[in-house]
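**Student:** dropping a prediction and its sequence here:
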Amino acid sequence: MFQKADLIIKEVQPPHSYWCKSGHRAPATFHRNGLAGADQPIKFFQVASVKMPNVNGVYCEPCLIVANAMKREEVKLKPR
């Protein structure tokens, strides 16, 4: 049996002026994979959540990477 997704993330075209929902103008390129000279066009993602409607919006790739890392730390630090 399938469960409804808590969070839906879909890649979209960069928004006007590369504006990220987190409140900043994202750079045009992103240094991906930790490789020198690996700058690539930045990606943007539409995030949608029924449980957390305040997060709905278009975010840049670096912000989603940071948010994911922060959530992993939060889960790791929670007492069991």
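**Tutor:** Received it, and whenever you're ready, just let me know what you need.
**Student:** so the residue most central in space within the chain is in which element?
**Tutor:** By Cα atoms, centre = their mean, the chain has its centre lying nearest to residue 64, at 2.2 Å. Remark: residue 64 resides in helix 61-77, with elements defined by DSSP states H and E.
**Student:** what comes up buried for that helix?
**Tutor:** Residues of helix 61-77 classed as buried by neighbour count (16 or more other Cβ atoms under 10 Å): 61, 62, 63, 64. For the C-beta atoms, the positions are set from N, CA and C on the backbone; glycine is no exception.
**Student:** what is the mean pLDDT for that helix?
**Tutor:** On average, the pLDDT along helix 61-77 is 87.
**Student:** kindly format the C-alpha coordinates of it as CSV.
**Tutor:** Extracted as CSV, the C-alpha positions of helix 61-77 are listed here (Å, rounded to 0.1, in the frame of the first residue of the first chain):
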residue,chain,number,x,y,z
GLU,A,61,20.0,23.6,-5.0
PRO,A,62,22.5,24.8,-2.3
CYS,A,63,19.6,25.7,0.1
LEU,A,64,18.1,22.3,-0.3
ILE,A,65,21.5,20.7,0.4
VAL,A,66,21.9,22.7,3.6
ALA,A,67,18.3,22.0,4.7
ASN,A,68,18.8,18.3,4.1
ALA,A,69,22.1,18.3,6.1
MET,A,70,20.4,20.2,9.0
LYS,A,71,17.5,17.7,9.1
ARG,A,72,19.9,14.7,9.2
GLU,A,73,21.7,16.3,12.1
GLU,A,74,18.5,17.0,13.9
VAL,A,75,17.3,13.4,13.5
LYS,A,76,20.7,12.0,14.6
LEU,A,77,20.7,14.2,17.7
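**Student:** can you pull out the residues in contact with it?
**Tutor:** The contact list for helix 61-77 (Cβ atoms under 8 Å, 6 or more residues apart in numbering) reads 9, 20, 21, 22, 26, 30, 42, 43, 44, 45, 47, 59.
**Student:** distance of the closest residue to the fourth one other than its chain neighbours from residue 51?
**Tutor:** In space, residue 22 comes closest to residue 63 once its chain neighbours are excluded; the distance is 4.7 Å by Cβ to Cβ, 6 or more residues apart in numbering. Between residue 63 and residue 51 the computed distance is 19 Å (Cβ to Cβ, to the nearest Å).
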